[in-house]
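Colleague: Based on what follows, work out the 3D shape:
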Amino acid sequence: MLVFSKQKLVFLATPKAGSTAIETALSGLASVVIMRPPQLKHTPARRFQRFLAPWLAASQGDEFELCALMREPRDWLGSWYRYRQREGVPEARSTRAVSFDQFVRAYCSKNRPEYAEVGSQAQFLAAKGGSPVDHIFRYERMEDFVIFLEDRLDCSIILPRINVSPEGATDLSAETAALLRQTCAADFELYESLIRP
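Modeller: Alright, predicted model coming up:
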């Protein structure tokens, strides 16, 4: 998470959506940088509004706008799946023994195994009362987000390519793809609402 006091702007670090690259490029411009532990780095909108927004408003005398990135839901799960195939991931969280189709079915189940417990972007980005973050950009259109940041921060931005998940097969059967769309309807709806002119 990055807080830009002068611009009254906060970047929320959506997991598996380019947050490490953004933080690496912009941490020197931020007033507050929270990169560790992951539970603080990836503070969701609801928790931010409950705990940090009142403190920032009281200390800075104004409310802050929130910005974040969102990845296409299937691609986001694919990134988690590939990320958890790395060496050194604890066995209970590892996806090395399952296909992507099995991973997605596990994610869509009522009792997710630990390896498929990765949260939800829609829940991460939903503020209290259901209203989303002020400015959400598609991860796949990173250039739109960079233009927004360059305008708000009044500087040129070049993002490094770091913390990228390894390559891997992410094929889904038609049945599993349909199940994912049904289970993650809120994520797909939010993502599809982000079409910009």
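Colleague: ok, for Ser19, nearest residue in space, not its chain neighbours?
Modeller: Ala13 (3.5 Å; CB to CB, 6 or more residues apart in numbering). Any C-beta I mention is one placed from the backbone N, CA and C, and that applies to glycine too.
Colleague: just Tyr107 next, same as before
Modeller: According to CB to CB, 6+ apart, the nearest residue to Tyr107 is Ala116 (4.3 Å).
Colleague: and the gap between that neighbour and Lys110?
Modeller: Distance from Ala116 to Lys110, counting by CB to CB, to the nearest Å: 12 Å.
Colleague: same thing with Leu9?
Modeller: 38 Å.
Colleague: Who has more neighbours out of these two?
Modeller: Leu9 (20 against 5; other CB atoms under 10 Å).
Colleague: mind pulling up the phi and psi values for the more buried one?
Modeller: phi -130, psi 140 (degrees, to the nearest 10).
Colleague: What pLDDT does the model give it?
Modeller: pLDDT for Leu9: 96.
Colleague: How about the contacts made by it?
Modeller: Contacts for Leu9 (CB atoms under 8 Å, 6 or more residues apart in numbering) come out as 3, 64-67, 152-153.
Colleague: Mind listing the residues bridging to it?
Modeller: Counting by DSSP bridges, Leu9 is bridged to Phe4, Glu65.
Colleague: Do you know the pLDDT at the closest residue to Met1 other than its chain neighbours?
Modeller: Nearest residue to Met1, sequence neighbours excluded (CB to CB, 6+ apart): Ile34, at 4.4 Å. With respect to pLDDT, Ile34 scores 90.
Colleague: Now that Ile34 has come up, it's in contact with Lys41, right?
Modeller: Yes: using CB atoms under 8 Å, Ile34 is in contact with Lys41, at 5.6 Å.
Colleague: Pull out the buried residues from the helix or strand of the chain with the lowest mean pLDDT.
Modeller: Every helix and strand in the chain was compared by mean pLDDT, DSSP states H and E; the lowest is helix 38-41, with a mean of 87. Buried residues in helix 38-41, counted by 16 or more other CB atoms under 10 Å: Lys41.
Colleague: Which helix or strand lies directly C-terminal to that helix?
Modeller: helix 45-47 (DSSP states H and E).
Colleague: Just give me how far that next one sits from the chain centre.
Modeller: For helix 45-47, the distance from its own C-alpha centre to the chain's C-alpha centre is 13 Å (CA atoms, centre = their mean, to the nearest Å).
Colleague: Show me what counts as buried in it.
Modeller: Neighbour-count burial for helix 45-47, counted by 16+ other CB under 10 Å, picks out 45-47.
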